[in-house]
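Chemist: quick one: sequence and predicted model below, then my questions.
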Amino acid sequence: MTETNHNPGASRLDALFAAPAAAVILAIVCNCLWGSAFPFIKMGYRLFAIDSADTASILCFAGVRFMLAAVLVWLCGLALNRRPLPMPKGRVLAQCCGLGLWQTALQYFFYYSAAAALTGAMGGILNSTQSFLGVILAHFVYGKADRMTRSKALGCVLGFGGVLVATLGDHGGGSAWGMIAMLTASVIFAFAGPWNKSVTQKADSFSVCCINLGVGGLALAVAGFAMGGRLAPQSAAGLPVLLFLAFISGAGYVLWALLMKNNPVSRIAVFGLLIPVITVLLSALLNGETLMDWRYLAALVLVCAGICLVNRRTAPSQTT
């Protein structure tokens, strides 16, 4: 027997997130938040004096961020529901914990490794592959309910073409390992979409996000500190950056879970293509990275064209 949520507040949230116009706006907000993560992570590495080869400290940084995010999600759920979050039990709880180890711990092990080895622009463009992979995966998982169309297929081809253009030459401003790590993180994220959609049908969305972030963050932090990692901010700006990253995770995961729960996966996944645009712009603004590299600009054009094609509604055929 599955757990259901009969909370009126949750029902109102579901209705809001299912509304097409609201879903588009909230999907844009969610992915803009995630697009800002990569440049702020790189800024955090500088402020905490974390070297790209210091895997242990990288895991500590990621783990503490996600545990803080879990606390923020719990507090947000408490404020909205006016009572503590209803925690799932038994098999559903195990699924939430498994999702946390998969989506948060494993995905962000590769993501944070990539952040240390790639420029922000390159990382954001490679990370956009998660959107195309989500569209492709949805076709096989949900069949006719979320099927692949010619428009979606062409959009995916253009998007992957943008990734290929970005990687021309010197790995697009990063190492081969960084590219592999980011692509691996994107694959893990794409597979997390259907899993998250399934779990949030059985338990409160805020509870799922809280467990996801808390379990995954704890696993990363324990591994990092056990390996000898440390967190020592070298500037007063270090803690605010870490807290902002926690906010990005908490708000982003809640928005994403509710959007996935109440909409077709491909409709929401495609907005992830906004991530590289935000990442490139903020990387130039915050970290002094180049903006006018022809590879990045060409890749962004192809990626944005892909987002338009994948999200275009097919006109219904008319009979005479």
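Modeler: Yep, that arrived. Residues are numbered from 1 along each chain as shown.
Chemist: got any ranges where the stretch 1-150 of the chain has weak pLDDT?
Modeler: Regions of the stretch 1-150 of the chain meeting the criterion pLDDT under 70 cover residues 1-10, 141-146.
Chemist: who's in contact with the helix or strand where residue 280 lies?
Modeler: Here residue 280 sits within helix 274-287, counting by DSSP states H and E. If you take C-beta atoms under 8 Å, 6 or more residues apart in numbering as the criterion, helix 274-287 is touched by 28, 31-32, 34-36, 38-40, 42-43, 119-121, 123-125, 127-128, 131, 289-291, 296, 299-300, 303-304, 307. C-beta coordinates here come from the backbone N, C-alpha and C atoms, glycine included.
Chemist: so which bits of that helix are buried?
Modeler: If you call a residue buried by 16 or more other C-beta atoms under 10 Å, then helix 274-287 has these buried ones: 274-284, 287.
Chemist: in strands, which of the contacts of helix 274-287 fall?
Modeler: Using DSSP state E, no member of those falls within strands.
Chemist: tell me who's in contact with the residue positioned nearest the centre of the chain.
Modeler: For the chain, the residue nearest the mean C-alpha position is residue 34 (5.9 Å; C-alpha atoms, centre = their mean). With contact taken as C-beta under 8 Å, 6+ apart, residue 34 is in contact with 248, 252, 272, 275.
Chemist: pick out the most distant pair among those.
Modeler: Greatest spatial distance in these: 248 and 272, 14.3 Å, computed using C-beta to C-beta.
Chemist: between these two, which one's more packed in?
Modeler: residue 272 (30 against 21; other C-beta atoms under 10 Å).
Chemist: my read: that one touches residue 130, true?
Modeler: Yes. With contact defined as C-beta atoms under 8 Å, residue 272 and residue 130 form a contacting pair (5.6 Å).
Chemist: circling back: need the contacts of residue 34 in a markdown table with distance to residue 74 and pLDDT, can you?
Modeler: As requested, the contacts of residue 34 are exported to a markdown table (distance: C-beta to C-beta, whole Å; pLDDT from 0 to 100):
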| residue | distance to residue 74 | pLDDT |
| --- | --- | --- |
| 248 | 16 | 91 |
| 252 | 16 | 82 |
| 272 | 26 | 70 |
| 275 | 26 | 76 |
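Chemist: next step: these restricted to helices.
Modeler: Of the contacts of residue 34, the ones assigned to helices by DSSP state H are 248, 252, 275.
Chemist: dump those into JSON lines; add distance to residue 11 as well.
Modeler: Output for these, formatted as JSON lines (distance: C-beta to C-beta, whole Å):
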{"residue": "248", "distance to residue 11": "27"}
{"residue": "252", "distance to residue 11": "23"}
{"residue": "275", "distance to residue 11": "30"}
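Chemist: low-confidence stretches in the stretch 201-320 of the chain?
Modeler: Checking the stretch 201-320 of the chain against pLDDT under 70 turns up 265-266, 269-270, 273, 290-292, 311-320.
Chemist: please, where are all the helices along it?
Modeler: Secondary structure of the stretch 201-320 of the chain (DSSP state H, counting those that start in this stretch): helices located at 205-226, 238-262, 265-269, 274-287, 294-311.
Chemist: and the ones you listed as a markdown table, adding distance to residue 104?
Modeler: Output for the helices of the stretch 201-320 of the chain, formatted as a markdown table (distance: least, C-beta to C-beta, whole Å):
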| stretch | distance to residue 104 |
| --- | --- |
| helix 205-226 | 2 |
| helix 238-262 | 8 |
| helix 265-269 | 18 |
| helix 274-287 | 17 |
| helix 294-311 | 25 |
